[in-house]
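Mind looking at a prediction? Sequence and model below.
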Amino acid sequence: MNLFKRLLTLSLLFLLLNIDAFSKIDDGKTYEKLKLLIDVMDIIDNHYVDETETKDLATGAIRGVVGSLDPFSQYMEEKVYKEMKTETEGSYGGVGLRIMVKDSFITVISPMLGTPAYKSGILPEDRILKINKKSAVGMSSDEAVKLMRGRAGTKVMLTISRTNAVEPLVFNLKRAKIKIETVKTSILDGKIAYIRLTEFNTQSARDIRKVLVDHKNKGIKSLILDLRNNPGGLLDSAIEIVSMFIKEKTLVLTTKGRDESIKKEYFTSGNGEFSDIPLIVLVNRGSASASEIVSGVMQDYKRALIIGNNTFGKGSVQTVIPLPDGTALRLTIAKYYLPSGRPINRSEGKKNIKNGITPDVEVSVTIEEEIKLYMQGEKILQKYTVVQSTNSFHNNDCLVEDKVLDAAIKLIKQNKTTQN
């Protein structure tokens, strides 16, 4: 059976199995487009300069359909789907980047703390132009992930375009075993609890609660929750964390989609055991999804002061649907709405509309400063945890001031941890 007949048979089966969907079409335009697709693929099969494989053309067609929806829906081939499941189990070999497709470019959401990408200074919203010598322009996110991952110790070269950079930047990275450690903590200035959450997973809420109980027993009376460059994770984890700081049975989030049955409201649970602790949340353009839920809810209820830069704007719900051949479809089925009714999702193509969560206190951080902050990592905390003079800190060329963290500590000392 040639390609045309195979696809025609598949199309007829599709029509038979989806009578209800096609009964809504008045003028037959969808059927004509399907027929046109079959004609195009048949022409390619018969006349393209190189011999083509039916499965490759079909896969390309599926990618095109899914890719036309939004940046977060994705068709995952079998190997990519398996890698995704491996990642959720805790570790994989790669460089540690969270990515999405934006304006046909593979765009960095955020690098993961302590990974090769993080240590090299790759930043949120960097655009990947090449992976090794292969152009990444127009590439799908699953193909980019496939090229960047590999055995720990092997190398991969990324060519990156960055705002304000005249020439493309080249990063030669050595892949490493990526292990996701989500909670890091310290005590700043002798009396302020600092918790950095790098990702929301099944253990995050439990780990944060454990840290808070320990700090509370030591007499700590205020908290800075750092969600900068946290790309998100599990919704349940975000709700559990919100529930620690806000009384029970309070609306956290509503998800709404085209299907009315998908609409769902989420509420806090528990007794809000830390609802009285003064709280500041730090965010930036690498804070996405669950990070935006936590910071947005705190902002809506005036429970905490949000400090930093505008967040990424990823407020949509994806579900992973396994397919019979071992591949899978990650499909956007709903959008997040905060208690005030405002959406989180980025407003593509709309001028003068900021994405995500706008902080209560905006602190400008240049790209140059952000690069240095990335490179020095947690060394910045030495300023607040080690007794040293102000002059010795400023004279240390290896460190740049964390203006966002400085602002948070100053406001805590002034007892200004909620909105005016």
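On my side now, so go ahead. Just so we're clear, the structure is a prediction, and the values are computed from it rather than from any experiment.

for this structure, what's the longest helix?
Longest helix of the chain, by residue count under DSSP state H: helix 29-47.

Domain-wise, how is this structure divided?
When the chain is parsed with automatic domain parsing, its domains come out as 3-52, 74-179, 183-317+344-413.

Lowest-scoring secondary structure element of this structure by mean pLDDT?
helix 390-394 (a mean of 38; mean pLDDT, DSSP states H and E).

Can you give the contact residues for whichever helix or strand comes after the longest helix of the chain?
Using DSSP states H and E, the next helix or strand after helix 29-47 towards the C-terminus is helix 54-67. Identification of contacts with helix 54-67 by CB atoms under 8 Å, 6 or more residues apart in numbering yields 3, 6-7, 37, 41, 44-45, 73-75, 77, 101, 140, 329, 331. C-betas here are computed from N, CA, C, even on glycine.

ranking those by neighbours, who comes first?
Counting neighbours by other CB atoms under 10 Å, the top entry in these is residue 74, with 26 neighbours.

tell me the pLDDT at that residue?
pLDDT recorded at residue 74 is 85.

For it, give me its contacts.
Taking CB under 8 Å, 6+ apart, one finds 66, 140-142, 329-330 in contact with residue 74.

which ones are touching the closest residue to it other than its chain neighbours?
Computed as CB to CB, 6 or more residues apart in numbering, the closest residue to residue 74 that is not its neighbour in sequence is residue 330, at 4.4 Å. By CB under 8 Å, 6+ apart, residue 330 lies in contact with 72-76, 318-321.

Please, where are all the helices along the stretch 101-250 of the chain?
116-120, 141-148, 204-217, 235-245 (DSSP state H, counting those that start in this stretch).

As a markdown table, these with mean pLDDT would be great.
Output for those, formatted as a markdown table (pLDDT from 0 to 100):
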| stretch | mean pLDDT |
| --- | --- |
| helix 116-120 | 90 |
| helix 141-148 | 88 |
| helix 204-217 | 92 |
| helix 235-245 | 94 |
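
Report how many residues lie close to the nearest residue to residue 417 once chain neighbours are set aside.
Excluding its sequence neighbours, the residue lying closest to residue 417 (CB to CB, 6+ apart) is residue 278, at 3.9 Å. Look at residue 278: counted by other CB under 10 Å, it has 17 neighbours.

how much space between the residue nearest to residue 145 when sequence neighbours are not counted and residue 261?
In this structure, residue 145 finds its nearest non-sequential neighbour in residue 80, 6.3 Å apart by CB to CB, 6+ apart. Residue 80 is 29 Å from residue 261, where distance means CB to CB, to the nearest Å.

more neighbours, these two?
Ranked by neighbour count (other CB under 10 Å), residue 80 and residue 261 place residue 80 first, with 21 against 6.

you'd agree the more buried one is up against residue 141?
No - using CB atoms under 8 Å, residue 80 is not in contact with residue 141; the gap is 9.2 Å.

which intervals of the chain have sub-threshold pLDDT?
1-28, 83-92, 180, 346-354, 371, 374-380, 382-383, 385-399, 418-420 (pLDDT under 70).

which strand of it spans the most residues?
When the chain is parsed with DSSP state E, its longest strand is strand 328-337.

Now the element after it, going C-ward?
Downstream of strand 328-337, the next assigned helix or strand under DSSP H and E is strand 361-362.

Can you list the buried residues in stretch 186-197?
Going by neighbour count (16 or more other CB atoms under 10 Å), the buried part of stretch 186-197 is 188, 192-197.

how much space between residue 171 and residue 288?
To residue 288, residue 171 is 22 Å away according to CB to CB.

And for residue 150?
Noted for residue 150: a distance of 25 Å to residue 288, by CB to CB.

Residue 360 too?
For residue 360, the distance to residue 288 equals 19 Å [CB to CB].

what do you get for residue 124?
Residue 124 is 9 Å from residue 288, where distance means CB to CB.

which residues do those two both contact?
Both residue 124 and residue 288 are in contact with 109-110, 312, where contact means CB under 8 Å, 6+ apart.

If we only consider the contacts of residue 330, which is nearest to residue 416?
Nearest to residue 416 among those, counting by CB to CB, is residue 72 at 36.4 Å.

Kindly confirm whether my reading is correct that the closest one touches residue 332.
Yes - applying CB under 8 Å, one finds residue 72 in contact with residue 332, separated by 5.4 Å.
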